[in-house]
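Undergrad: the following block contains a protein sequence and its predicted model.
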Amino acid sequence: MKRTFSVLVENQPGVLARVAGLFGRRGFNIQSLAVGVTQDPGLSRMTIVVDGDESVLEQVKKQLNKLINVIKVSELAGPQSIDRELALVRVHAPPAQRAAIMQVVDIFRAKIVDVARRSLVVEITGDEEKTSAMIDILGEFGVMEVVRTGKIAMARGNKESVKGGIRSGEGAVRSGRGHEMALRLAGSCIGLWQPGERASAELEG
Amino acid sequence: MTGAQELWETLLGHGLGLVFGYPGGAVIPIYDVMPQDRIRHVLVRHEQAAAMAADGYARATGKLGVCLATSGPGAMNLLCGLSCSYLDSVPVLALTGQVPTGQLGRDAFQETDVFGATMPLTKHNYLVARAADLPRVLNEAIYLAQAGRKGPVLVDLPRDVMEGKVPAGAENGPRLPGYRPRLDGHPAQIARAAAVLAEAERPLMLVGGGVRWAGASAHVRELAEAADIPVASTLMGLGCVPSDHPLYLGMVGMHGTVAANRALGRCDVLLALGVRFSDRVTGKREEFASQARLIHVDVDPAELGKNVPAHVPIVGDLARVVPALKTKVPAARREDWREELRGYPSGSGTDGAGVGVVRALAQVTGTLARRDELVLVTDVGQHQMWVAQHFPLYHPRTLLSSGGLGAMGYGLPAAIGAQVGCPDKTVVLVTGDGSFQMNLQELATVRQEGLPIKIVILDNGSLGMVRQWQEMFFDGNTVAVALDGPDYTLLARAYGIPARRLDLIGEPDPVGAAAEAVAHLLEQPGAAVLHCRIAPTEKVLPMVPAGEPLARIIVSW
C-alpha cells in the first residue's frame, strides 16, 4: 500500500539526513521524496511517498513525529488531496517524428521546453498516473532520459466555508468542483508553492 | 564571554558541575577556561568510559550525566557509550570538540563527521555553526536529554565557536516547535484501560525501565496491591517492585523465571508500563502474551504498536497515568490466579559457583540493599543474568546494567559514575573476565579519584555467554571463547588496588566459601578486587532460545 505523508520540518541542517536515515535504518520503503521551503523560510515541507502495510505506515508516522525537528506529519489521501509531479523527458525526435510527438504533447497538455536537432525535451506536470502514461507513450518515439521530481501534495481546502475575505462563489473552490478547479490549475502546480501566488494560500483558509 | 566560557556557565547554571572527560587538541580551549573550583572533572582513560560513566552517574542519581571528548577519535570513542544510553533511555549530555568551521569537510586532522555519525544513536544532536547559536543549543540539549523519554543528546563544538565571542543578547531559550511530549494520559484511554482491567480474570503487570525513570515505582506497587495484580519485570525494571513482594514473579524473557514467563502466556490482560518489548523480552513476538489484551503505557508514542500491537495504547508519563488509573480500577482479590502462579517455580535452576558468589554477595549486602545504600553494577554476560536472577532488589536505582545494547565493558566506568554520584553508597561491580578486560584501564581512574568501588570478577576463563550458546545451540563448537586471562590480583595491585583470589572450581559450597571473601571485600576502606575462579561450563538457566516462544523455556541442561 502506498501512502503520501506531508511532513512539516524545521529548516535546520541535517533534517533531510535525519529523515532519510530513519527510513533506511528502520527498513521503511521510500518511493519518492520531495523537499522545498514553505511560505515561512524557517520551515520546509517534505512530501514522502511510502510503501508498506498498515502497521509499517503507522510506525513511519510515529517515528517521523519522534524526530525533534519534525513539526507535523499529516497523511494526504485520495480525493482529499491534490498531488502533482513534474517530469522532464528527452525524446528521440528526428524531423519526421516531431509532428507526432507534438500532438502527444498537446493531448497531455505538456510543453516542449527544449529543441535540438535529434531530440526534444518535454515538460509534463500532473499526477503520477498522467506523468507515467505520457512517458509510456513517448516511449514509442524513443525516450532518451527521464527526470522526475517525485510527488508533491497538498490537502484540499475546506469546502464548507472559505476564510480570508473571499466570498463564496468568487473564486472559491466549492464542494464538488475542487477537482475540476485543481485540474485547471494543473499546469501551474509549481506556481502554487511560490510565495507570490496568493490565491492558493487564501483558498486554503 | 567566549563560547567556551558560555559552555561552562550554562552547565553550572543548570547545576551540572560534574564532567567525565578526556582532553585533546580540539577541546584545549574548552579546558583552558574550565572553572576548576566549581567543576569536578573526572579524567578517564578512554572516552568510552567517559560516556559510560556519565550513563552510570545518570542511572544511579536520576540526574543528567555529562561527558566531554575531543574531535575525531575522542568523539568516535564515545559512540558505544552513547548507544548504550540511547537504548536504555538514559539522560546524557555529550560534548565533543570539532575542528574549526573553516576546516569542516576538508578531512582536517582529527576531523570526523560526528554530527552525522551520532544521528542514529542519540535522541537529538547538534553541530553548533555560530557562537550566537550556542546558548540556545545548550539549553535545548540539556532540556531534551531529560524531557519526556530521556536519552543522550550530543553537541559538537567547533574550536572557533568555542574561541569566538557569544554576542550579547543571543537567543538562549529552547525553541523546539516540534517537541511537545504528552505527559497526561488521555482520560478516555485511561477509562478504557480501567474498564479492561475491571473485566480481567488473570491480569498481569509488566514493569520496565520507564517506571524507574518516571519515578513511578510507588504508584505501580499501590496499583498492583489495590487491584491484586501480579507483577513481572524486565531487566530495566528490576527493583521497581521489591523482589520479596508477594505479588512479584521475577524477571521475564530469555532468562526470566518460569513463573513470570508462564504468567505472560496465561494472562488475559497485560498492563505494560514503560517497556518497549525487546526481542529478549518477547521471544517469538507472534506468540507473545497471546491470550492477553494489551494495555501499553509509555511516554514515547512510537513505542506503542512498534513491536507488539496494543489494544489500549496510552501515551503519558507513568507518574501521572498510573495514579489516574488507580483511582478508576476497582479493588479486587484474585486468589485463583495467584494460586495458579504459585505453582510455577519463581527461582532459577542453576546452582553453580557463579550463582553462589552472587548469593553470597546478596547475603553480605542485604541490609545495605534494603536501606537503599547499595548500587550494584554489572557488566554483560552470564554474571549479569545471574545477578538479575538471584540478587534481591528493593529500590529502583540499585541495579545498573547495559540492557538494550548489552555493551561489555560498561561495568567499571558505570561504577565510577555511580560512585562519584553517590559517594555515601556502597558501589559493587560484578563483572566477568571478558567484560572486565574491555575497560580495565579505568582502574587507574578509580585509583586516581580515590573511589571505594568493590569489584567482583567472575572469571571462568572464557566468554561464558557465547560459550553457553555454542554448547547449547551450536553442537558444542566452542570457538574463539577461551580467554587466557592475566593474573587479576597482580593486575589490580599494579594499579594500587588490593585484591584477593578465590578459587571456587570444584567447591561444594560456593555460597559459604564466597561469603567470607565477599565480607572481607566489603570491609576494605577503598577500592578492592575479589577475583573468583569458576568453571567455564556453568550456565544461565532458565533460558528461552532466541526467537522461540517463551513457552519453550529450558529449565535444566
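TA: Okay, I see it.
Undergrad: against chain B, how distant is residue A:87?
TA: As judged by C-beta to the nearest C-beta, to the nearest Å, residue A:87 and chain B stand 31 Å apart. No exception for glycine: its C-beta is placed from N, CA and C like everyone else's.
Undergrad: next one: residue A:32
TA: For residue A:32, the distance to chain B - C-beta to the nearest C-beta - is 22 Å.
Undergrad: spell out the secondary structure type for that residue.
TA: Here residue A:32 is recorded as strand under DSSP: H, G, I helix; E, B strand; the rest coil.
Undergrad: and the nearest residue to it once chain neighbours are set aside, what's its pLDDT?
TA: With C-beta to C-beta, 6 or more residues apart in numbering or on different chains as the criterion, residue A:32 has its nearest non-adjacent residue at 3.3 Å, and that residue is residue A:150. Looking at residue A:150, its pLDDT stands at 93.
Undergrad: list the contacts of residue A:150.
TA: A:32, A:33, A:34, A:47, A:49, A:85 (C-beta atoms under 8 Å, 6 or more residues apart in numbering or on different chains).
Undergrad: wait, the second one sits on residue A:50?
TA: No: distance between residue A:33 and residue A:50: 9.3 Å, which falls outside the contact criterion (C-beta atoms under 8 Å).
Undergrad: of these two, who's got more company?
TA: residue A:50 (22 against 18; other C-beta atoms under 10 Å in any protein chain shown).
Undergrad: just the element for the residue nearest to residue A:32, please.
TA: According to DSSP states H and E, residue A:150 maps onto no helix or strand at all.
Undergrad: in stretch B:305-314, what's buried?
TA: B:305, B:306, B:307, B:308, B:310, B:312, B:313, B:314 (16 or more other C-beta atoms under 10 Å in any protein chain shown).
Undergrad: got it, and stretch B:338-355?
TA: By neighbour count on 16+ other C-beta under 10 Å, the buried set for stretch B:338-355 is B:338, B:340, B:341, B:344, B:348, B:350, B:352, B:353, B:354, B:355.
Undergrad: which ones among the residues you listed map onto strands?
TA: Among the buried residues of stretch B:338-355, none falls in strands (DSSP state E).
Undergrad: any low-confidence regions in chain B?
TA: The model of chain B has pLDDT under 70 over residues B:347-350.
Undergrad: what does it put close to chain A?
TA: Contact residues, chain B versus chain A (C-beta under 8 Å from any C-beta of the partner chain): B:115-116, B:119-120, B:123-124, B:127, B:129, B:144, B:176-179, B:300-302, B:304-306, B:309.
Undergrad: mind checking which of those residues are buried?
TA: Using 16+ other C-beta under 10 Å, the buried ones in the residues of chain B next to chain A are B:115, B:119-120, B:123-124, B:127, B:144, B:176, B:178-179, B:300-302, B:304-306.
Undergrad: outline the domain layout of the chain.
TA: This is for chain A. Chain A breaks down into these domains under automatic domain parsing: A:2-76, A:82-148, A:156-204.
Undergrad: actually, chain B is the one I wanted.
TA: B:3-163, B:187-342, B:353-533.
Undergrad: sorry, back to before: of the contacts of residue A:150, closest to residue B:375?
TA: Residue B:375 has its nearest neighbour among the contacts of residue A:150 in residue A:33, at 46.9 Å by C-beta to C-beta.
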